[in-house]
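Participant: Predicted model follows, preceded by the sequence.
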Amino acid sequence: MKNEKMYHGITNIREDLVEEAEHHRFRSKKRVLKRALTVAACFVLVIGLSYGGVLLWLFGGAHTGGTAYNDRQYMAYEGPVFPLTMLENDGSLTAKRHLTYDFTGKAGAYDFPDALILDAYTLTNTSNEDMTYRFAYPFVASINTTKEYIPSILEYNIQTELHIGRYAGGYEGVWGAYDPEGTVNLDHISSWTEYQALLSDGTYMQDAFKEFPEMDQPVVIYEISNMQAHGEGASPTLKFSCEHDPTAVTSFALGTRGGSYDTKKGKFSYHFSLDADEVGYVFVIGGDLSTHSTQGYEDGGCDKGEELDITATITRKEGVLGEVLFDLLFAEWDGTFSSDVAFGAFAEMMYTNGFLAENPAERYRIDLSSLLSDARNVDRVMYLTFELTVPAGESKDITLLMQKAPSMDFAGKYKTRYGFDMVTRLGTNITFTEQKAKIVLDTEKYEFADQNFGFDLETGIFEVTLSLDTEHYYMDIRKKSEETE
């Protein structure tokens, strides 16, 4: 074979199990990673079938919402309900908002019903000519979010698109707030004020409408397959050791059970388990490995004195990083979002926090699996966009519909509370003349533990007028059977 190279690990890998594929390339597919995703109209039906009370309105006395301030943090915070905003605002539009929380559905994942959100707007064109406005509706979701939690438009057959924002949180060390410079763990947003800081200057939303970055770097791939142990071990593991200049070359793996790195000496190792018949990969960008070798061990500790004879086939390939990773990780993707959008969100994390970042998070130093999982599961602010024409001097009504899970604490004094909240003006450029809120709740089963909306269930006040000067409204609901804190 031309330019043939035989790779011998210190485990004496047999020559008949070694392949050279210097010029093998993954299939080429140019990808323009746009954030926009056209949303199917069936989303409305999915949500509507989940709630028998979608059109159930409890009429009670009107009341003015309170102004008490609350910045309570949740262990699992689902984010507030945001107001509608415009992509361009010429000052001709005013709006009234009527937000309803309907809790008449079945119990959700936390044995408490999700809220069906009906966020209704009356949009008025105050100009002397017909206007077509472009709107964006922000909401918190992840790439793995299912359809019922994605907003849809109730009244009209309007084409909508979704634009995907980046990961909304940050990173922290093993010791949390006591290790603020660490980047081993995710630091999820836990209160509305963190969304306030994220969205207030408008740059987050601007970035959400840009194209995802391309991963068009050449990559060398070492594919490790046919791993077989010749001897006994508790959990046989193949250690792939390599060296390269970390200032010019980057290596990372997929399918490992761990590894180690020393950036000062330029030494790296990736540990592959033989527990399952899987293929492991080591990716190299910016060049190639100076040297590499393999050694088998009895278990994942890869300790000296516990060596084990393991054979494997190592195949060297070349390709374009984005094409290779798409084929490996997203070719059979089946989710709410398209494979291109899911892959684009992954590519963005690679550049901002992962192996393509100037200073990757410690969480992603070894294997792609953690970054892949995070890219799919972390919360982002997304934007449902659409256009609506409003005649001169007239108004149109439009209602956004979605399901909303409660914010939760899993331990501590608030663990029996289920939190829901909204913001009146964060992230919007629309001039509101009125905002109201309404609740549909079984008062025989549930009660308020805390709230500033001004609802009074005992006196029949299920609808309130909100103060436009109060940016944040919240409520914690609990089951009446739960002990009072």
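Facilitator: It's in. Computed from a predicted model, the values in this text were never measured in an experiment.
Participant: For Glu194, which three-state class applies?
Facilitator: Following DSSP: H, G, I helix; E, B strand; the rest coil, Glu194 is assigned to helix.
Participant: quick one: the helices in this protein?
Facilitator: Assigned by DSSP state H, the chain shows helices spanning 43-48, 192-199, 203-208, 321-329, 339-352, 368-377.
Participant: tell me which residues in the fourth one are buried?
Facilitator: Put plainly, it is helix 321-329. Buried residues in helix 321-329, defined by neighbour count with 16 or more other CB atoms under 10 Å: 321-326, 328-329. For glycine as for every other residue, the C-beta is placed from the backbone atoms N, C-alpha and C.
Participant: circling back: need the helices of the chain in CSV with mean pLDDT and distance to Asp303, can you?
Facilitator: CSV is the format used below for the helices of the chain (pLDDT from 0 to 100; distance: least, CB to CB, whole Å):
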stretch, mean pLDDT, distance to Asp303
helix 43-48, 35, 52
helix 192-199, 97, 43
helix 203-208, 96, 46
helix 321-329, 96, 31
helix 339-352, 95, 32
helix 368-377, 96, 23
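Participant: do you know which of those lies nearest Ser241?
Facilitator: helix 368-377 (18.8 Å; CB to CB).
Participant: Break this structure down into its structural domains.
Facilitator: 15-30+214-373, 37-168+380-479 (automatic domain parsing).
Participant: ok, back up a step: name the stretch among the helices of the chain that sits most buried.
Facilitator: Most buried of the helices of the chain by mean neighbour count (mean count of other CB atoms under 10 Å) is helix 339-352; its value is a mean of 22.
Participant: Can you pull out the low-pLDDT segments for the stretch 351-485 of the chain?
Facilitator: Applying pLDDT under 70 to the stretch 351-485 of the chain flags residues 482-485.
Participant: circling back to that earlier point, can I get the buried residues of helix 321-329 in a markdown table including distance to Phe432?
Facilitator: Below are these laid out as a markdown table (distance: CB to CB, whole Å):
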| residue | distance to Phe432 |
| --- | --- |
| Leu321 | 46 |
| Gly322 | 43 |
| Glu323 | 47 |
| Val324 | 49 |
| Leu325 | 44 |
| Phe326 | 43 |
| Leu328 | 48 |
| Leu329 | 43 |
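Participant: So for Leu457, which of the helices of the chain sits nearest?
Facilitator: Taking these one by one with CB to CB, helix 192-199 is closest: 23.6 Å.
Participant: circling back: could you dump the helices of the chain to a markdown table with distance to Asp288?
Facilitator: Output for those, formatted as a markdown table (distance: least, CB to CB, whole Å):
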| stretch | distance to Asp288 |
| --- | --- |
| helix 43-48 | 47 |
| helix 192-199 | 40 |
| helix 203-208 | 34 |
| helix 321-329 | 14 |
| helix 339-352 | 20 |
| helix 368-377 | 19 |
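Participant: which one of these lies closest to Cys242?
Facilitator: Nearest of the helices of the chain (CB to CB): helix 368-377, 16.2 Å.
Participant: Which strand residues bridge the residue lying closest to Phe209 once chain neighbours are set aside?
Facilitator: Ranked by CB to CB, 6 or more residues apart in numbering and with sequence neighbours excluded, the top spatial neighbour of Phe209 is His163, at 5.5 Å. In this structure, His163 bridges to Tyr383 when assessed by DSSP bridges.
Participant: roughly how far apart are His163 and Ala208?
Facilitator: 5 Å (CB to CB, to the nearest Å).
Participant: And for Lys436?
Facilitator: In this view, Lys436 and Ala208 are 29 Å apart by CB to CB.
Participant: Check Ser370 too.
Facilitator: 24 Å.
Participant: quick one, which of the domains of the chain is nearest to Tyr204?
Facilitator: Across the domains of the chain, closest to Tyr204 is domain 37-168+380-479 (CB to CB), at 6.0 Å.
Participant: follow-up on the earlier one: could the domains of the chain be laid out in a markdown table, adding distance to Ser191?
Facilitator: Converted to a markdown table, these look like this (distance: least, CB to CB, whole Å):
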| stretch | distance to Ser191 |
| --- | --- |
| domain 15-30+214-373 | 22 |
| domain 37-168+380-479 | 5 |
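Participant: So for Leu186, which of those domains sits nearest?
Facilitator: domain 15-30+214-373 (7.4 Å).
Participant: Hmm, Val219 is touching Gly322, no?
Facilitator: No: counting by CB atoms under 8 Å, Val219 does not reach Gly322; the two are 9.0 Å apart.
Participant: In the stretch 101-250 of the chain, where is pLDDT below threshold?
Facilitator: 176-178.
Participant: which stretches of the stretch 251-400 of the chain form strands?
Facilitator: With DSSP state E, counting those that start in this stretch, the ranges of strands along the stretch 251-400 of the chain come out as 258-262, 267-273, 280-285, 291-297, 307-308, 310-320, 380-390, 395-404.
Participant: quick one: which of the ones you listed is nearest Asp90?
Facilitator: Here strand 380-390 is closest among the strands of the stretch 251-400 of the chain (CB to CB), at 12.3 Å.
Participant: export the closest one as CSV, just CAs?
Facilitator: Only the C-alpha atoms of strand 380-390 are listed here, as CSV (Å, rounded to 0.1, in the frame of the first residue of the first chain):
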residue,chain,number,x,y,z
ARG,A,380,-31.4,28.2,25.8
VAL,A,381,-33.6,31.1,24.9
MET,A,382,-35.3,30.4,21.6
TYR,A,383,-37.3,32.7,19.4
LEU,A,384,-40.5,31.8,17.5
THR,A,385,-40.8,34.3,14.7
PHE,A,386,-43.7,35.2,12.4
GLU,A,387,-45.2,38.1,10.4
LEU,A,388,-48.6,39.6,10.9
THR,A,389,-50.3,42.4,8.9
VAL,A,390,-52.5,44.8,10.8
